[in-house]
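*Asks:* Sequence below, structure please.
(one chain, ligands or ions: 1)
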Amino acid sequence: MNVVNGGSGAGIGNAGEADGSGAWRGWREATAAALYGPDGFYRRPEGPAGHFRTSVHASPLFAGAVARLLRETAGRLGAGAGPVALVDVGAGRGELLTGVLAALPPGFPVRAYAVERADRPAGLDERIVWTDEPPRGVSGLLFANEWLDNVPADVVEMDGDGVVRRVLVRRDGTERPGPPVDGADAAWLERWWPLAGPGARAEIGRPRDEAWAAAVDTLRAGLAVAVDYAHRAGDRPFGGTLTGFRAGREVRPVPDGSCDITAHVALDSALLPGGTLTTQRDELRALGVTGERPPLALASADPAGYVRALAAAGEAAELTARGGLGDFLWLRQPK
Ligand SMILES: C[S@@+](CC[C@H](N)C(=O)[O-])C[C@H]1O[C@@H](n2cnc3c(N)ncnc32)[C@H](O)[C@@H]1O
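*Replies:* Reported below is the predicted structural model:
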């Protein structure tokens, strides 16, 4: 826990207490206000791209791979299914959809939906429908890149007596232990993220599981994919992963709207029957993003083409890198 203020015993369990720095709240509630409240971080004009780089920003090859996945999905749905839907959940400023539309063959029958809490950006392609809820009953590809890590989650910590307590936080980031965790949250922890000992921390993934299940439920037929920095059972980090980002830097998480607040996703707990988990490296390679360098002979035959191919190879390498974006997990949920 980064700071414990005022003694660990005082006021434990009184999440509504207020003082000069604001009320004590669980991280889920504090994060929801900090990211999506009226002055929330994700409502700011610069958007996510102003603060960190996702696969979408790293290279158009990512949108190209999603376009290929959409075409495969459309092929499986069959020609009689009509225009295929592409639903981007947590769409940022519509960058992925813009890239996918550019990568598809002209006239490809698609209806694109950006599901986002922020306002529609000016100048966005008119073909993109901007909405704050996924459309119900469509068939196609639902894609969520780095969405679930921004679904607010509570943080817990095991105290010296082996009791798992909700961590309470104030607007300035000061923390203190709260009441013991019980009910559905305790059951989730026991099943998915048992704490290893005193001082261990975890983020409760239940709201992410529920958000994902609700998003998948909107799709009538096709494929839903969630991509995120994630961990699986047996590989959970001892101290949890809650952190902040601002202007390209990792910062202490402070729930005052000044920074992103994020935690890795326990993506295995979000799997529904029939779903699979794979690395981004394997998924992108299967979609043709290989990172192979162009043959040297191309340098003399087509110097400009060689330079382009070399740049693409560098971008593909970033998207599939070990220790980086390539380690992200893809949850595929066919319907
Ligand atoms: C980390 S950004 C990712 C943006 C984009 N997908 C990318 O990969 O560059 C997460 C986005 O999800 C949006 N978001 C979070 N929860 C949401 C929800 N329940 N409905 C719609 N958008 C949401 C945020 O506003 C933010 O723009």
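*Asks:* where's Val100, which helix or strand?
*Replies:* Val100 belongs to helix 95-103 when elements are defined using DSSP states H and E.
*Asks:* Which neighbouring elements make contact with that helix?
*Replies:* helix 55-58, helix 60-77, strand 84-89, strand 110-115, strand 128-131 (3 or more CB pairs under 8 Å, 6 or more residues apart in numbering; DSSP states H and E). C-betas here are computed from N, CA, C, even on glycine.
*Asks:* at 6 Å instead, please
*Replies:* The helices and strands touching helix 95-103, judged by 3 or more CB pairs under 6 Å, 6 or more residues apart in numbering; DSSP states H and E, are helix 60-77.
*Asks:* Could you find the closest non-adjacent residue to the residue in the chain that the ligand sits nearest to?
*Replies:* Nearest residue of the chain to the ligand: Gly90, at 2.7 Å (CB to the nearest ligand atom). Leaving aside its sequence neighbours, Gly90 sits nearest to Trp147 (CB to CB, 6 or more residues apart in numbering; 3.0 Å).
*Asks:* Can you get me a residue count around that neighbour?
*Replies:* By the criterion of other CB atoms under 10 Å, Trp147 has 23 neighbours.
*Asks:* Only alpha carbons, please: show the helix or strand containing Ser300 as PDB.
*Replies:* Applying DSSP H and E as the criterion places Ser300 in helix 297-301. Extracted in PDB, the C-alpha atoms of helix 297-301 (Å, rounded to 0.1, in the frame of the first residue of the first chain):
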ATOM      1  CA  ALA A 297      17.700  -8.000 -52.900                       C
ATOM      2  CA  LEU A 298      14.700  -5.700 -52.700                       C
ATOM      3  CA  ALA A 299      16.900  -2.800 -51.600                       C
ATOM      4  CA  SER A 300      18.400  -2.500 -55.100                       C
ATOM      5  CA  ALA A 301      15.300  -3.600 -57.100                       C
END
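*Asks:* Need the three-state assignment for Leu310.
*Replies:* helix (DSSP: H, G, I helix; E, B strand; the rest coil).
*Asks:* Look up how far Arg53 lies from it.
*Replies:* Leu310 is 21 Å from Arg53, where distance means CB to CB, to the nearest Å.
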